[in-house]
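>>> Quick one: sequence plus predicted model below, questions after.
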Amino acid sequence: MVSQALSYPRTVQAVSWQRTVRNVAIVVAAVMLLVWTVFPFVWILLTSLKSSGDMLSVPPKFVFTPTIDNYAALVIGEQRGQYSSTRPDFPLFFLNSMIISIGAVALSVVAGIPAAYALARFTFPLKNGLAFVLMSFRFVPFIAFVIPLYILYQRIGLYNTHGGLILAYQLITLPFTIWMLRSFFMEIPLEIQEAAKIDGCSWFGVLARVILPLSLPGIAVTVILGFMFCWNAFNYPLMLAGRQTFPVTIGAIQFISYEQVLWGQMAAATIVAALPQLLLSLMVQKYIVRGLTMGAVK
Amino acid sequence: MIYPFGLGLYYSFTSYWLQYPNRFRFVWFDNYVDLMEEPLFARALEFTLGFTLVAVVVQVGLGLAVALLLHGRLPGRSAIRALMLLPLMMPPVITALMWKIMMASTNAGILNYMLSFLGVDPVNWFGSTEGAVASILIIDTWGNLPFVALILLGGLQALPTEPYEAARVDGAGPAAILRYVTLPLLSPFLVLVVLFRTMDSLRIFDVIYATTMGGPNDATTNLHIMAYQYSFQWYQMGKGMAQAIVLLLLVVIVSYLLMRLWNRASESTS
C-alpha cells in the first residue's frame, strides 16, 4: 500500500511530461511547416521592395527603407542600361494573360457544357473510353502537342495570336471543364430531371432550365479554377506566343537576360503574376483539391 | 486534339529539320534508332525515372506526415490549411523564380545565409550537379507537398471511426494503429496521390526550364527538356517529336499500371 501511494504521483508526472514533450514536438513541427510555406512569399515581397543596393548586401537585410522603384519600373518600363526594344512590357503581358485566360475559359465552358451533360446523363457507345481519353489529357507531356501545333500555326498564321493561344489552351481547360462539370451535374438528383421531362421539357429544356441553374455554383467554381490553370500555363505560350502575346509567366522569366538578372524587378513581377492566384485560391479554397484531381476527390 | 497529335506522330518518322525543309524525307524508325544510340538519351531517361522515384517518395512521405499533423488537434489548423493552398496554385514558373532569388549562390542569397547558421558552407545551387538536382527537388516539393497533404488529410477525415475504437480496445499503440489501421484504409488516397505525382514528375518542365535549363553539364536534363532542346533550339522537329513520343509512351504505360492499382485499391476498401 505504502509503495503504491508513493509511486502514484510519479507516474502521473511521467505521463504528463511525455505529453508535454509530444505537444512541444507537434507545435515545433507546425511552426516549421508554417515557415516553410509562408517564408518564400514574405522574402520575395521584401525583395521586391528593396533598392538595388540593399538587394545584394551580405548578410541579407531584413530591415531597410522600402522603395516602390521596382514596381514603378514594371509599370512604366524604365530600366537603366537596357534598350527600350528589349525591355519586357509587363502591363501588356498582364493584359495578354487576362485576354487569353478569359477567352480560353469562355470557349471551354460553352463547348464543355453539352459534352459534360452527355457524359453525365446519357449512355452511348465508347462513353467510358471517351471519358478516359479526356482524363488522360491531364497527364500528357505538352511537347507531344506543341511541336505539331507550332508547325501548324506557323503555316496557317495562328502563331503569335491570341486566338491561336486560346485554341491551344483548350488542351488544358476543355478536358478539365468537362470532367468538373460532369461531376457537378451528376450531383443533381435524377428525380428533378424526370419531373421536368414529365412537364414537357425537351433534353435541351432540361439542361437550360433545370441542370444549369442548379449547378451554377459548380460552374462558377469550374470557371475560376479553369482561369487559374490558364494563368499558370507556361509551356504553350513559350512556343506559340511572340512578344505581342506573351502572358505574365513568360514575362517574368524575361528579367533574366544574358547580361544581368534584374532581381528586384523579377521579384516584383512574380508578386504581380501571383496576385490573382493568391486572391482566387482563397475564394475557391474548398474546391481546389477537387479541381486538381479533375473531380476524382471531393 | 487528335489531328495535331497524329501530325506529330507522322513527323516523328520523318527527318523534319525546320531550317532545311528540302531535306524532308520519310525515314521510318531512324529517329528512334538514333535515340537509342545517343548517350544523352540514356542519361535523360535515367534522370527522368530517378527524379520521379525520389520526388514521389519524398513528397508522399512528407505529405503523409503533414496530413497526420494537421489531422490531430492543433491550434490554428484551419489557418495553416488555407495557407498551404497558396503554393499549390502558384504558376510553377513563378515558384521556380521565387526560389531562384532565394537560392542565389553567395551569402546574399537568403537560403545560403540561413544555412550558414547551421554551419553549412554556401551551396552552389544551380551551378553544381548535386546542387541543381537538389534545388529542383526542393522547388518541386514546395509547390506540390500541399497537394499530397491536402488529399491525404481529406482521406483521413473521411475514415470510419469503428476500426480505431476496435484497435484501441485491443490495446494497439499509435504506431500499430498507423501501420495496421490508418494506412490500409487510406490506400486508395495514397495510390491516387502517387498516380498524380508520378505523372507530373515524369513530365516536369517549367521548374527545370526556369532554373537550370537542364544544366549544369546536362545533369538535370530529363526527356521533356531534351525533346524541347532538339525541337526548339536546334529545330530538329522529327527527332524532338520522336523523343516526345517516347516520353508519352512512358507516361501512358506508367499511368495504366497505376490506374489499375487505384481501381484495385478502391475496390478492396469500399
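Sure thing, it's come through.
>>> separation between A:Ala104 and B:Ile225?
Using Cβ to Cβ, to the nearest Å, we find A:Ala104 at a distance of 26 Å from B:Ile225. The way it works is simple: take the backbone N, C-alpha and C, and place the C-beta from them, glycine included.
>>> Give me the more crowded residue out of these two.
Regarding A:Ala104 and B:Ile225, a neighbour count based on other Cβ atoms under 10 Å in any protein chain shown identifies A:Ala104 as having more, with 28 against 24.
>>> list the contacts for that one?
For A:Ala104, the contacting residues are A:165-166, A:169-170, A:172-173, A:226, A:230, by Cβ atoms under 8 Å, 6 or more residues apart in numbering or on different chains.
>>> cutoff 7 Å now
Residues near A:Ala104 by Cβ atoms under 7 Å, 6 or more residues apart in numbering or on different chains: A:166, A:169-170, A:173, A:230.
>>> how far away is it from A:Thr249?
Counting by Cβ to Cβ - A:Ala104 and A:Thr249 are separated by 14 Å.
>>> again, but for B:Leu183
Between B:Leu183 and A:Thr249 the distance is 38 Å, computed by Cβ to Cβ.
>>> neighbour count winner among the two?
A:Thr249 (26 against 12).
>>> what kind of secondary structure is that one in?
Under DSSP: H, G, I helix; E, B strand; the rest coil, A:Thr249 falls in the helix class.
>>> still on that earlier bit, with respect to A:Thr270, which of the contacts of A:Ala104 is nearest?
Nearest to A:Thr270 among those is A:Cys230, at 17.9 Å by Cβ to Cβ.
>>> burial measure for that closest one, as a count.
26.
>>> Tell me which helix or strand it sits in.
Using DSSP states H and E, A:Cys230 sits within helix A:216-232.
>>> who does that helix touch, helix- and strand-wise?
helix A:90-121, helix A:162-185, helix A:263-283 (3 or more Cβ pairs under 7 Å, 6 or more residues apart in numbering or on different chains; DSSP states H and E).
>>> contact partners of stretch B:116-136?
Counting by Cβ under 7 Å, 6+ apart, B:99, B:103, B:105-107, B:112, B:115, B:207-208, B:211-212, B:215-217, B:219-220 sit against stretch B:116-136.
>>> May I have the phi/psi pair for B:Arg203?
Phi and psi for B:Arg203, reported as degrees, to the nearest 10, are phi -110, psi 20.
>>> ok, how many other residues are close to A:Ser16?
A:Ser16 - counted by other Cβ under 10 Å - has 10 other residues nearby.
>>> ok, now which ones touch A:Lys110?
Careful, residue A:110 is Val; it's not Lys. If a contact means Cβ under 7 Å, 6+ apart, then A:Val110 has no contacts.
>>> switch the cut-off to 10 Å
A:Thr177 (Cβ atoms under 10 Å, 6 or more residues apart in numbering or on different chains).
>>> how close does it sit to A:Leu174?
For A:Val110 relative to A:Leu174 (Cβ to Cβ), the value is 10 Å.
>>> cool, A:Ser136 as well?
To A:Leu174, A:Ser136 is 13 Å away according to Cβ to Cβ.
>>> With B:Ala244 instead?
The value you get for B:Ala244 to A:Leu174, if Cβ to Cβ is used, is 21 Å.
>>> With neighbour numbers in mind, choose between those two.
B:Ala244 (32 against 21).
>>> Give me the three-state assignment for B:Ile204.
coil.
>>> so what's A:Gln260 scoring on pLDDT?
At A:Gln260, the pLDDT value in this model is 66.
>>> If you could redo that for B:Ala82, that was the one I meant.
86.
>>> Grab the nearest non-local neighbour of it.
A:Gln285 (5.9 Å; Cβ to Cβ, 6 or more residues apart in numbering or on different chains).
>>> do you know how far the spatially most central residue of chain B is from A:Ser97?
Note on chain B: the residue nearest the mean C-alpha position is B:Ser201, at 2.2 Å, using Cα atoms, centre = their mean. Note on B:Ser201: its distance to A:Ser97, by Cβ to Cβ, is 26 Å.
>>> which residues sit in contact with residue 109?
Assuming you mean chain A. A:116, A:173-174, A:177, A:181, A:219, A:222-223, A:226.
>>> nope, chain B please
B:Gly109 makes contacts with A:58, A:60, B:100-103, B:115, B:122-123, B:125, as judged by Cβ under 10 Å, 6+ apart.
>>> on that earlier part again, tell me which of the contacts of stretch B:116-136 fall in helices.
Of those, the ones assigned to helices by DSSP state H are B:99, B:112, B:115, B:207-208, B:211.
>>> coming back round to it: how many neighbours does the residue nearest to B:Ala82 have?
17.
>>> Am I right that it is in contact with B:Ala79?
No. A:Gln285 lies out of contact with B:Ala79 (Cβ atoms under 10 Å); the separation is 11.6 Å.
>>> hey, what's in contact with both of A:Ala104 and A:Thr249?
A:Ala233.
>>> before we move on, the earlier item: pLDDT added to the contacts of A:Val109, as CSV?
Formatted as CSV, the contacts of A:Val109 follow (pLDDT from 0 to 100):
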residue, pLDDT
A:Ala116, 90
A:Thr173, 91
A:Leu174, 91
A:Thr177, 92
A:Leu181, 91
A:Ile219, 93
A:Thr222, 92
A:Val223, 94
A:Gly226, 93
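>>> for those residues, which one is nearest chain B?
Nearest to chain B out of those is A:Leu174 (Cβ to the nearest Cβ; 8.1 Å).
>>> Could you pull up the contacting residues of that closest one?
Residues near A:Leu174 by Cβ under 10 Å, 6+ apart: A:104, A:107-109, A:111-112, A:115, A:134, A:137, A:226, B:1.
>>> Go again with 8 Å.
A:108, A:111-112, A:134, A:137.
>>> Check B:Glu38 too.
By Cβ under 8 Å, 6+ apart, the contact list for B:Glu38 is empty.
>>> Buried residues of the helix holding A:Cys230, list them for me.
Using 16 or more other Cβ atoms under 10 Å in any protein chain shown as the test for burial, helix A:216-232 gives A:218-219, A:221-232.
>>> between the residues you listed, which is nearest chain B?
So of the buried residues of helix A:216-232, ranked by how close each gets to chain B (Cβ to the nearest Cβ), first place is A:Asn232, at 4.1 Å.
>>> That closest one against B:Pro91, yeah?
Yes. At 4.1 Å, A:Asn232 and B:Pro91 qualify as touching, with contact defined as Cβ atoms under 8 Å.
>>> so what sits against both of these two?
With Cβ under 8 Å, 6+ apart, A:Asn232 and B:Pro91 have common neighbours A:249, A:277.
>>> Could you dump the contacts of A:Leu174 into a markdown table and include neighbour count and pLDDT?
Shown next, in a markdown table, are the contacts of A:Leu174 (neighbours: other Cβ atoms under 10 Å in any protein chain shown; pLDDT from 0 to 100):
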| residue | neighbour count | pLDDT |
| --- | --- | --- |
| A:Ser108 | 26 | 94 |
| A:Ala111 | 15 | 92 |
| A:Gly112 | 27 | 91 |
| A:Leu134 | 22 | 79 |
| A:Phe137 | 18 | 79 |
